[in-house]
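Asks: Any chance you can model this:
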Amino acid sequence: MSIAENLATLRKEIPEHVTLVAVSKTRTTAEILEAYDAGQRHFGESKAQELTPKAEELPRDIQWHMVGHLQSNKVKYIAPFVSLIHSVDKMKLLKVINKEGQKNERVIPVLLQLHIAEESTKFGMSFEEVCALLESDIYHQMDAIEVQGLMGMATFTDDTDQVRKEFRQLKAYFNTVRDTYFKGREAFCTLSMGMTNDYRHGIDEGSNMVRIGTAIFGARK
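Replies: Numbering: from 1, shown residues only. Purely as a prediction, here's the structure:
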């Protein structure tokens, strides 16, 4: 099936309130344009050095998401234009994003990444670390970032119960964080969980943003 056909199939399945981010890392501009021509506007990249040239070359109305692990020294490349950074996993990184937002005179939307998987290779903060960050004086002095929600990745496993349990836990954290630190603030509304192998479970457990690559573009060459 073509990229356009894959997108059409996904759109029939994904509820309207769920944002589909097409993960376009390692994909060519031609492949991204095919998805764009099929109506896709949200694209996700994992590396700043790959994202920046694509953003310069491709249509300006694309909303670029940084979905991969982000190194502090790479923030400056994407700060002028990135629509949402999903992978804020430490205070140090948030401070750099805030600094680059100030330089570019814009508020950069971010998600805080929680570690919910059993795999130690996944990045992310603990729930306690997220709470400590949001209660800190440093965070309250930041004026060029906006925390819009949470992101997490489940364990890569065929055990559906485990994946669902991890997503359910992240949804519970999201509710607690929203009610404790963002009450009445509509901007805190995004729960990004679910990829090609588990997005259905993510949606079932409360996700309103999914990051899908292979199911759109096919297996990576």
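Asks: Quick check, central residue of the protein?
Replies: Closest residue to the average C-alpha location of the chain: His86 at 3.3 Å, with CA atoms, centre = their mean.
Asks: tell me which element that one falls in.
Replies: Per DSSP states H and E: His86 is located in strand 84-88.
Asks: And for Arg27?
Replies: Using DSSP H and E, Arg27 falls outside every helix and strand.
Asks: picking up where we left off before, gap between the strand holding His86 and the chain center?
Replies: Put simply, strand 84-88 sits 5 Å off its chain's centre (CA atoms, centre = their mean, to the nearest Å).
Asks: repeat for stretch 18-26
Replies: On CA atoms, centre = their mean, the centre of stretch 18-26 falls 9 Å from the chain's centre.
Asks: I'd like to know how many residues surround Asp179.
Replies: Residues contacting Asp179 under the criterion other CB atoms under 10 Å number 10. From N, CA and C alone the C-beta is placed, and that goes for glycine too.
Asks: That one: helix or strand, and which one exactly?
Replies: Residue-wise, Asp179 maps onto helix 160-181 under DSSP H and E.
Asks: Of all the residues in that helix, which ones are buried?
Replies: Of all the residues in helix 160-181, those buried under the rule 16 or more other CB atoms under 10 Å are 163-167, 169-171, 173-174, 177-178, 181.
Asks: What of stretch 198-206?
Replies: Buried, per 16+ other CB under 10 Å, within stretch 198-206: Asp198, Tyr199, His201, Gly202, Ile203, Glu205.
Asks: element containing the closest residue in space to the second one that isn't next to it in sequence?
Replies: With CB to CB, 6 or more residues apart in numbering as the measure, Val210 is the residue that lies nearest to Tyr199, at 4.2 Å, once sequence neighbours are left out. Remark: Val210 resides in strand 209-212, with elements defined by DSSP H and E.
Asks: Quick one: mean pLDDT for that strand?
Replies: When pLDDT is averaged over strand 209-212, the result is 98.
Asks: Which is the succeeding secondary structure element to that strand?
Replies: helix 214-217.
Asks: Give me the residues contacting that following helix.
Replies: Residues external to helix 214-217 that are found in contact with it (CB atoms under 8 Å, 6 or more residues apart in numbering): 3, 6-7, 10, 22-24, 27, 31, 35, 40, 196, 199, 220.
Asks: picking up where we left off before, any idea how far Trp64 is from the residue nearest to the centre of the chain?
Replies: Counting by CB to CB, to the nearest Å, the gap from His86 to Trp64 is 11 Å.
Asks: So, low pLDDT: which residues of this structure?
Replies: Per-residue confidence for the chain (pLDDT under 70) gives these ranges: 120-122, 221.
Asks: From the chain's centroid, how far away is the next helix or strand after the strand holding His86?
Replies: Elements were assigned by DSSP H and E; along the chain past strand 84-88, the next helix or strand is helix 91-103. Distance, stretch centre to chain centre, for helix 91-103: 17 Å (CA atoms, centre = their mean).
Asks: Next, the angle strand 84-88 makes with the helix or strand just after helix 91-103.
Replies: Next helix or strand after helix 91-103 toward the C-terminus (DSSP H and E): strand 108-114. With axes from the mean of the first three to the mean of the last three CA atoms, to 10 degrees as the basis, strand 108-114 and strand 84-88 are set at 30 degrees to each other.
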